[in-house]
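# need a structure here:
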Amino acid sequence: MEYIPFTQLQRRYGLSNITNSDERLSSCVVSSTTSTSASQRQSRVQLFTGQNSNLKFTPELCLLGCVIHILDYDLTYTDNIASWKKIITDHGGHVEESYGPAVTHVICEKLSSAVAQQALKDGKRCVSGYWLNDVLFKMQVLPPWIALHFPTNLRPQGKKYDKALEWKTPVVNTQWLSDIFLGHYKAIQQPDSPKYKIFNTPNLFKVEYGLIPHLMVAWKQPLSITQELYNKATLNPPVKKRRLEKPSSVMVAPAVIEVSLAQVEAAQKEGKPRVVLSYVNDQDTIVKRVTNLGGVVVNDVEQATHLVMSKDTITIKLVLAISLGIFIVSDSWVADSSAHQTFQDEKGYVLQTDNLKLSYDISLADTLNKPNRNEFLKGKTFYVTHGVKPSRRILHKVIETAGGSAEKEMRSFVRLKEANAVNLYIVSAENDMHLLSRFSNSIEVKEGFDNQINLCRDRGLNPGRQHRSLTPYP
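Got it, this is the predicted structure:
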């Protein structure tokens, strides 16, 4: 059986690598692990295990039984996450978008986040992206065997970190680096220890498992792979979906429209409308009409002067358009403009919001008449948990466009009390409520909306879903 590194698997799918240094890291892993003695490997197998070995399955299904939640990497490797998910599922694994009881592995860069801490508390396996890379290289789920397979305890900040980069002496071996990587910070004051003066050791990144029992406890029991799970992965071919043509009356999210930067800049220079679409009946017709009148249709609402919709449904583009102060009109504006061969005055075509008024008691006309629409959330700070839909990245953009601020890390209970955080909000979803249990005695759970922030709540962006917003007491 041919073993293919994760980086090569990505290239096979036409996808990019984890990082530019992955191939060097993988070669380092191979050289170090192949030189590990038989007794060390046997000891590791006795202490820790990967999967239930009673069932035999092909290496192509090496991730069978692994339910993986990817954490942190969505912020630093946004463009690669889709390829990671595809490769994981192609090799028998399953990716969970939100952390929950079914998760077996959390792939994360660091252990400082609330989700990672909860995963450790729940006895889940916390590993880094390098572990995934090397497991796919070997086509076998193994316990972590080098320091890089664990989430780091180091951060690029603090006095100790700066000094470690600045000082070139004393000279120590990689075991010193490995111990620090695993959280054994006393090694910084022990550079003269004999264990850090051995330079001819064959296993450069040997792991001292005694330093990290909290990370290895989950590896003492194998993953249970049932015959049913194996049969489902091997016997059920992918279901081919029948291709159906959508009738023109069905509204769909607009597809990405090809438009050059030169076209956008030319329309801006000439004062022509730059139109963005959201939930329109007939996109092709609207694009053709706008283009024939000299306008341009764009994909990014921040480039647009007009938002065109066929129905008053709350969408991300609508929320952003309100804060950006652009025109929000119905598709009748485009139809009538085409009929008159010139763009019509927008006042008579403001999007009617009867559905929003009925469902959420929101009047778009009243909202558009308010001054400082880009300051609706001014003075308010938000933390968005990872399981909220739409994604944190999108909600952060919504919050910041409306004048609010979004924090990437959840504050501790002590910091909340010190800050007297009357204007701090936690936007969460049901799947993430367990992460907020430590605040249960000091948080008021509000149902519904606040008038100033109703458009950035989870329920508002997903009509019909019942979600709660959490507001800390002063």
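# in stretch 353-363, what's buried?
Within stretch 353-363, the residues that count as buried by 16 or more other Cβ atoms under 10 Å are 353, 356, 360, 362. Placement of C-beta: from N, CA and C, glycine included.
# between those residues, which is nearest residue 214?
Taking Cβ to Cβ as the measure, residue 214 lies nearest residue 360 of the buried residues of stretch 353-363, at 45.2 Å.
# Could you tell me the model confidence score at that closest one?
In the prediction, the pLDDT value recorded for residue 360 is 71.
# try the one 10 residues further on
The predicted local confidence for residue 370 comes out at a pLDDT of 80.
# From residue 322, how far off is the residue nearest to it when sequence neighbours are not counted?
For residue 370, ignoring the flanking residues on the chain, the nearest one in space by Cβ to Cβ, 6 or more residues apart in numbering is residue 376 at 8.0 Å. Counting by Cβ to Cβ, to the nearest Å, the separation of residue 376 from residue 322 is 8 Å.
# returning to what we had before: do I have it right that the residue nearest to residue 370 meets residue 323?
Yes. Counting by Cβ atoms under 8 Å, residue 323 is a contact partner of residue 376 at 6.6 Å.
# Can you work out which residues contact both of these two?
Counting by Cβ atoms under 8 Å, 6 or more residues apart in numbering, the common neighbours of residue 376 and residue 323 are 402, 403.
# next structured bit after the host helix or strand of residue 308?
Secondary structure assignment for residue 308, by DSSP states H and E: strand 306-309. From strand 306-309 onward toward the C-terminus, using DSSP H and E, the following helix or strand is helix 316-324.
# Run through the neighbouring helices and strands of that next one.
strand 306-309, strand 327-330, helix 364-368, helix 392-401 (3 or more Cβ pairs under 8 Å, 6 or more residues apart in numbering; DSSP states H and E).
# Low-confidence stretches in the stretch 151-300 of the chain?
For the stretch 151-300 of the chain, applying pLDDT under 70 flags the ranges 153-177, 181, 184-185, 187-206, 230, 233-260.
# Try it again at 50.
155-156, 168, 199, 202, 237-252 (pLDDT under 50).
# again with the stretch 1-150 of the chain
Scanning the stretch 1-150 of the chain for pLDDT under 50 picks out 1-38, 41-45.
# Kindly export stretch 296-310 (C-alpha atoms) in PDB.
Presented in PDB, the C-alpha positions along stretch 296-310 are these (Å, rounded to 0.1, in the frame of the first residue of the first chain):
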ATOM      1  CA  VAL A 296     -22.700  47.100 -12.800                       C
ATOM      2  CA  VAL A 297     -23.700  44.200 -10.600                       C
ATOM      3  CA  VAL A 298     -21.200  43.400  -7.800                       C
ATOM      4  CA  ASN A 299     -20.900  40.600  -5.200                       C
ATOM      5  CA  ASP A 300     -19.600  42.600  -2.200                       C
ATOM      6  CA  VAL A 301     -22.200  44.700  -0.500                       C
ATOM      7  CA  GLU A 302     -19.500  47.100   0.600                       C
ATOM      8  CA  GLN A 303     -18.800  48.000  -3.000                       C
ATOM      9  CA  ALA A 304     -22.500  48.600  -3.800                       C
ATOM     10  CA  THR A 305     -24.700  51.700  -3.900                       C
ATOM     11  CA  HIS A 306     -28.000  49.700  -4.200                       C
ATOM     12  CA  LEU A 307     -29.200  46.400  -2.700                       C
ATOM     13  CA  VAL A 308     -32.000  44.800  -4.800                       C
ATOM     14  CA  MET A 309     -34.300  42.200  -3.300                       C
ATOM     15  CA  SER A 310     -37.500  40.400  -4.400                       C
END
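# which residues in this protein form strands?
67-70, 94-95, 105-107, 125-127, 274-277, 296-298, 306-309, 327-330, 381-384, 405-407, 424-427, 443-447, 468-472 (DSSP state E).
# In terms of secondary structure, what does the first one contact?
Contacts defined by 3+ Cβ pairs under 8 Å, 6+ apart place strand 67-70 against helix 81-90, strand 94-95, strand 105-107.
# Any chance of the ones you listed in TSV with distance to residue 370 and mean neighbour count as columns?
Below are the helices and strands packed on strand 67-70 laid out as TSV (distance: least, Cβ to Cβ, whole Å; neighbours: other Cβ atoms under 10 Å):
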stretch	distance to residue 370	mean neighbour count
helix 81-90	37	16
strand 94-95	42	18
strand 105-107	43	25
